[in-house]
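Peer 1: The following block contains a protein sequence and its predicted model.
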Amino acid sequence: MTAVQSRADSTITVRNPATGAVSGTVPIDDPATVAAKAAQLVSAQPEWEALGPLGRKRWLLAWQDWILDNADHITEVLISETGKSHGDASIEAVATADAIAYWASHAKEFLADRHPKAHSPLYRVKRFTTAYRPYPLVGVITPWNFPFAMPGLDVPPALAAGAAVLLKPSEVTPLSAVEFVRGWTEIGAPPVLGLTTGYGETGQALIEHADFLQFTGSTATGRKVAVACAQRLIPYGLELGGKDPAIVLADADLDRAANGIAWGGLFNSGQVCVSVERVYVEAPVYDQFVAKLAARVGEVQQGHDGDTGAMATEAQRDIVARHVDEARAAGARVVTGGSATGVGTYFAPTVIADVDSSMTCMTEETFGPTLPVIKVADENEAVRLANDSPYGLSATVWTADKRRGERLARRLEVGAVNVNDALVNVFCPGLPMGGWKESGVGYRAGGASGILKYSRQQAITSPRLPTQKSELLWYPSSKRRMAVALGAMRVFAARGRRRFGRRPSSG
Ligand code: NDP
């Protein structure tokens, strides 16, 4: 629990971290309430599934319209509980509408039955079908950094798959999720999207009822969620923390690299799982790059109408301050920024140079507006240091040679690499988004697999030809029929003379 929100017995009071003003309250759902909500959703799900992808598309697109029509209001609610700048906050509704359109429009194609060919002529008498049937109830647990867009990434593909969804937002920022679900209800859509609010215990209760659990948040909490899911034997997806490296090669356009890394590190005040958190620069351009980066970062304006906003919580601001203070004490050079501003939870956009790899700003997830920079001898050292992390979410590479950039991408132990750009993959649902190493389990989005992850696969076989009363292997057993069956299987299972029960001739 943080100082920007407080807990009564049955409600959470949400405050704006930039101003301290009260923004609203939500109930704390106890396990019985979560169970009742889950049961209602599960009872409505079969009808939702029966609508098929095109029937569901109608409701998804009506919801998309509602979100766009209410985007200004959603943005103000977002600001009221996160302290984001208007610019950072306003992206969330539009990005969510974009994602809904993608899943609604592609669901029919992605969920279509597959008819795999028989692997052996013996089975050509059968018609094979792989059908996709949704998990009845998908639980989605989201963090506070993108209170509207994070549900926007995970809920639409689950609904498009035909699942019902129960959403549990962070205790810090539940009000945007209230809007998210209110939109669905206001358009009169079937009651297959629900909201449950509360603390970690409410999230735990949700896991007790979900058939699939999608979680975004810290690696520490993700581990607990995985254990709880394993105990219930339900599948899960985890999108966890990151410590994304940027590699600036000597041939890069340094202005673009500085501009892109500044944005990739400071967007949403650095509270993005795929923020640039470490910068490795080849020695020949190190000084020049640091000067350009510091100039760009030094110009960044904070505030409601500025480029970036406040930190979501005091606790988060304190982590950022600790990392900067520890780097400074260990001999790093703060080039610009370097401290909390004293207003709300704002922390000044910061560049730290002459950092070394042992400092906490390089080893722990900071999740704030800081860019520590290290000088490296060459690309091999950059790759070695970039990979020397328990995290593996994403990375950026900056170079004039696109092929070299793509080659380098394949040497990085991360789930996504943007060459000469930052964060762009996150906005493209055709691409998979997932963390390697301790940054996650599974992937979100990624075209068809982004919707199929919320589906159970069902294999169906049926005869192509008129059937007999019995089959070779059925009872009563007969040595002769068994020999015929095994002989036929062997013909297609083996190569050369082995097909006929003989060994290949030697020599
Ligand atoms: P958490 O991972 O603790 O919380 C994420 C979500 O999980 C919240 O909705 C939270 O609810 C819920 N939750 C907490 N405990 C449980 C549990 N035992 N079972 C089920 N759900 C649970 O994130 P924090 O807010 O504590 O942030 C800590 C750090 O995580 C940050 O400093 C940052 O480094 C990282 N982080 C990473 C994000 C990412 O996008 N990868 C996003 C946000 C944070 P509640 O809030 O009500 O406790």
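Peer 2: Okay, I see it. Residues are numbered from 1 along each chain as shown.
Peer 1: What residues does the nearest residue to Thr11 once chain neighbours are set aside make contact with?
Peer 2: Nearest residue to Thr11, sequence neighbours excluded (CB to CB, 6 or more residues apart in numbering): Thr25, at 4.6 Å. C-betas here are computed from N, CA, C, even on glycine. Contacts for Thr25 (CB atoms under 8 Å, 6 or more residues apart in numbering) come out as 11-14.
Peer 1: export these to TSV and tack on pLDDT, neighbour count and secondary structure?
Peer 2: Formatted as TSV, the contacts of Thr25 follow (pLDDT from 0 to 100; neighbours: other CB atoms under 10 Å; DSSP: H, G, I helix; E, B strand; the rest coil):
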residue	pLDDT	neighbour count	secondary structure
Thr11	96	15	strand
Ile12	97	21	strand
Thr13	97	14	strand
Val14	97	26	strand
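Peer 1: Tell me the one of the residues you listed nearest the ligand?
Peer 2: Ile12 (8.2 Å; CB to the nearest ligand atom).
Peer 1: Which strand residues bridge that closest one?
Peer 2: Note on Ile12: beta-bridge partners by DSSP bridges are Arg7, Val26.
Peer 1: Distance-wise, check it relative to Thr202.
Peer 2: 10 Å (CB to CB, to the nearest Å).
Peer 1: Then Ser477?
Peer 2: Applying CB to CB to Ser477 and Thr202 gives a distance of 57 Å.
Peer 1: and those two? which has more neighbours close in?
Peer 2: Thr202 (21 against 8; other CB atoms under 10 Å).
Peer 1: That one reaches Val34, doesn't it?
Peer 2: Yes. Shown here, Thr202 and Val34 form a contact pair, counting by CB atoms under 8 Å, at 6.2 Å.
Peer 1: joint contacts of the two?
Peer 2: The contact sets of Thr202 and Val34 overlap at Thr196 (CB under 8 Å, 6+ apart).
Peer 1: other SSEs contacting the longest helix that the chain contains?
Peer 2: Ranked by residue count and defined by DSSP state H, the top helix of the chain is helix 86-111. The elements that helix 86-111 packs onto, with contact taken as 3 or more CB pairs under 8 Å, 6 or more residues apart in numbering; DSSP states H and E, are helix 52-69, helix 71-82, helix 149-161, helix 448-452.
Peer 1: How about the third one and the ligand, any contact?
Peer 2: Yep, that's helix 149-161 we're talking about. No. Judged by CB under 6 Å from any ligand atom, helix 149-161 and the ligand are separated, with a smallest distance of 7.2 Å.
Peer 1: for that helix, the distance to its chain's centre please.
Peer 2: 11 Å (CA atoms, centre = their mean, to the nearest Å).
Peer 1: now it: mean pLDDT?
Peer 2: Per-residue pLDDT over helix 149-161 has a mean of 98.
Peer 1: again, but for stretch 103-111
Peer 2: 98.
Peer 1: now swap in stretch 298-308 and tell me
Peer 2: 97.
Peer 1: need the residues of the stretch 151-300 of the chain near the ligand, please.
Peer 2: So the stretch 151-300 of the chain meets the ligand at 168, 170-172, 199-200, 203-204, 216-218, 221, 224-225, 239-241, 273 (CB under 6 Å from any ligand atom).
Peer 1: Narrow those to those that are buried.
Peer 2: Neighbour counting with 16 or more other CB atoms under 10 Å marks 168, 170-172, 203-204, 216-217, 221, 225, 239-241, 273 as buried within these.
Peer 1: export these to TSV and tack on pLDDT and secondary structure?
Peer 2: Below are those laid out as TSV (pLDDT from 0 to 100; DSSP: H, G, I helix; E, B strand; the rest coil):
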residue	pLDDT	secondary structure
Lys168	98	strand
Ser170	98	coil
Glu171	97	coil
Val172	97	coil
Gly203	98	helix
Gln204	98	helix
Thr216	98	strand
Gly217	97	coil
Thr221	98	helix
Val225	98	helix
Glu239	98	strand
Leu240	98	coil
Gly241	95	coil
Cys273	97	coil
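Peer 1: For these, give me JSON lines that also has distance to Pro349.
Peer 2: Below are these laid out as JSON lines (distance: CB to CB, whole Å):
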{"residue": "Lys168", "distance to Pro349": "32"}
{"residue": "Ser170", "distance to Pro349": "24"}
{"residue": "Glu171", "distance to Pro349": "27"}
{"residue": "Val172", "distance to Pro349": "22"}
{"residue": "Gly203", "distance to Pro349": "32"}
{"residue": "Gln204", "distance to Pro349": "37"}
{"residue": "Thr216", "distance to Pro349": "25"}
{"residue": "Gly217", "distance to Pro349": "24"}
{"residue": "Thr221", "distance to Pro349": "28"}
{"residue": "Val225", "distance to Pro349": "32"}
{"residue": "Glu239", "distance to Pro349": "25"}
{"residue": "Leu240", "distance to Pro349": "25"}
{"residue": "Gly241", "distance to Pro349": "21"}
{"residue": "Cys273", "distance to Pro349": "19"}
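Peer 1: and the two most separated of those?
Peer 2: Gln204 and Cys273 (22.1 Å; CB to CB).
Peer 1: For Ala395, which of the helices and strands packed on helix 86-111 is the nearest?
Peer 2: Per CB to CB, nearest to Ala395 of the helices and strands packed on helix 86-111: helix 149-161, 20.0 Å.
Peer 1: got the angle for the closest one vs helix 71-82?
Peer 2: Counting by axes from the mean of the first three to the mean of the last three CA atoms, to 10 degrees, helix 149-161 lies at 130 degrees to helix 71-82.
Peer 1: all numbers from here: first residue = 35
Peer 2: Renumbered: residue one is now 35, and that last one reads helix 183-195.
Peer 1: Am I right that Glu360 falls within a strand?
Peer 2: No. Using DSSP: H, G, I helix; E, B strand; the rest coil, the assignment for Glu360 is helix, not a strand.
Peer 1: Asp390 is in contact with that one, correct?
Peer 2: No. With contact defined as CB under 8 Å, Glu360 and Asp390 do not form a contacting pair (11.7 Å).
Peer 1: Show me what from this protein comes close to the ligand.
Peer 2: 175-179, 202, 204-206, 233-234, 237-238, 250-252, 255, 258-259, 273-275, 307, 350, 353, 399, 401.
Peer 1: what number of residues lie near the nearest residue to Val451 once chain neighbours are set aside?
Peer 2: Spatially, and ignoring its direct neighbours in sequence, Val451 is nearest to Ala443 (3.7 Å; CB to CB, 6+ apart). Residues lying near Ala443 (other CB under 10 Å) number 17.
Peer 1: so what's Ala443 up against?
Peer 2: 429, 431, 451, 453.
Peer 1: For beta bridges, what are the partners of the last one?
Peer 2: Following DSSP bridges, Val453 is listed with bridge partners Val431.
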